[in-house]
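Novice: need a structure here:
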Amino acid sequence: MTPPLVSILIPTYNRAVYLRECLHSALAQSYDAIEILILDDASTDNTPGVVKDFVDDPRVRYIRHEQNVGIVKNWRAGIEACSGDYFCFLHDDDTFEPTFIEKLVQPMIMDSSLIFTFCDHWLMDTEGKRLPIETDSASRAFKRNLLFQGRMEDWAFAALVDQSMPVGATLFRRSIIELDFIDPRARDAIDIWLFYECARLNLPVYYLQDRLMNYRLHPGGMSQKVNPSMEEGHIFRCTQVLADEHMSFLHRHIRLQLAAALGRNGFFLLKNGDHRSARLSLRRSMALNRSNRTYLTYALACGGALGTKVAKTIQ
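Specialist: Reported below is the predicted structural model:
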């Protein structure tokens, strides 16, 4: 019996320094039926040179955008182009353990009702050295240590509130994932939005406790910086979830997430000198949840240029 094909999608932009290690880990999978799509979002570094050493492998396809299209369109292009029965995202600065695909695909094969499987992961430093203490801390922070291995029926809270599901450690069933799930309005928060779209289908998932992915911590990583595009994406996501009556059991928690995103967004607007928009965002935040930091930021936003100058000194 022919094993189902799994597509490994690697969106990349100016990460030649880590991309080679990432690709080696994808090609080293113990599961043979794979295709690897490198989705180059118009990199200006040596990414094409790195890819050149891998494209002779028939499992590898290189898709390069001539102009930068951003994370959402790059993800969408990968899902549209892939041929697999299942697909996953491998971030260009991360790596898979050799059994990542083998172990995550088995529950999907055995249970056709599953929309995705996911696992825990390691944290590593810039040099690729594992960080056991930080890894255990991250598993607790995202409450994966409280999840039982196996099939999960009611997982929306874990995905959208605890945010236990790392998209880079998840294998999706391609036949269920619609291209419209990749919504440009979600911007850099597209990963949590994708889980929301999946949660709306009310299908089961499967959790594997093994750590089968290595997530790299470095100054340029997404987890090391919060940006306006991400906050605007979170604001969109939270607003949509709050309008979804089927997700009413999450609303109390999502309102707090929205308040936090609005507060961070207001701070960015203040630092950029857009005082009016900053005040609007901060007022929305304070209406949802009162915090000393938001009140302080609002006071600075009322201070004009001096408030912006002070805000730029605050991390």
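Novice: per-domain residue ranges of the protein.
Specialist: With automatic domain parsing serving as the domain definition, the record reports that the chain contains domains spanning 6-224, 228-311.
Novice: Can I get these in JSON lines including mean pLDDT and mean neighbour count?
Specialist: Every residue, glycine included, has its C-beta placed from N, CA and C. Listed next are the domains of the chain as JSON lines, based on pLDDT from 0 to 100; neighbours: other Cβ atoms under 10 Å:
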{"stretch": "domain 6-224", "mean pLDDT": "96", "mean neighbour count": "18"}
{"stretch": "domain 228-311", "mean pLDDT": "95", "mean neighbour count": "18"}
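Novice: May I ask which helix or strand encompasses S285?
Specialist: S285 is located in helix 275-288, with elements delineated by DSSP states H and E.
Novice: And N202, by the same measure?
Specialist: Short version: N202 belongs to no helix or strand, going by DSSP H and E.
Novice: That one: what's it in contact with?
Specialist: With contact taken as Cβ atoms under 8 Å, 6 or more residues apart in numbering, N202 is in contact with no other residue.
Novice: gap between it and I109?
Specialist: Taking Cβ to Cβ, to the nearest Å as the measure, N202 and I109 are separated by 22 Å.
Novice: what do you get for H251?
Specialist: Shown here: H251 relative to I109, a distance of 36 Å by Cβ to Cβ.
Novice: For stretch 43-53, C-alpha coordinates in CSV please.
Specialist: Output in CSV follows, covering the C-alpha atoms of stretch 43-53 (Å, rounded to 0.1, in the frame of the first residue of the first chain):
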residue,chain,number,x,y,z
SER,A,43,15.0,37.0,-0.2
THR,A,44,17.9,39.4,-0.9
ASP,A,45,20.6,37.4,0.9
ASN,A,46,22.2,34.1,-0.2
THR,A,47,19.0,32.1,0.0
PRO,A,48,19.1,31.1,-3.7
GLY,A,49,22.7,30.0,-3.3
VAL,A,50,21.8,27.7,-0.3
VAL,A,51,18.8,26.3,-2.2
LYS,A,52,20.9,25.5,-5.2
ASP,A,53,22.6,22.7,-3.2
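Novice: who touches that stretch?
Specialist: So stretch 43-53 is in contact with 12-17, 19-20, 23, 38, 40, 62, 64, going by Cβ under 8 Å, 6+ apart.
Novice: TSV for the residues you listed, including distance to D191 and secondary structure?
Specialist: Formatted as TSV, the contacts of stretch 43-53 follow (distance: Cβ to Cβ, whole Å; DSSP: H, G, I helix; E, B strand; the rest coil):
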residue	distance to D191	secondary structure
T12	16	strand
Y13	16	coil
N14	20	coil
R15	17	coil
A16	23	helix
V17	23	helix
L19	20	helix
R20	24	helix
L23	21	helix
I38	19	strand
D40	20	strand
Y62	24	strand
R64	23	strand
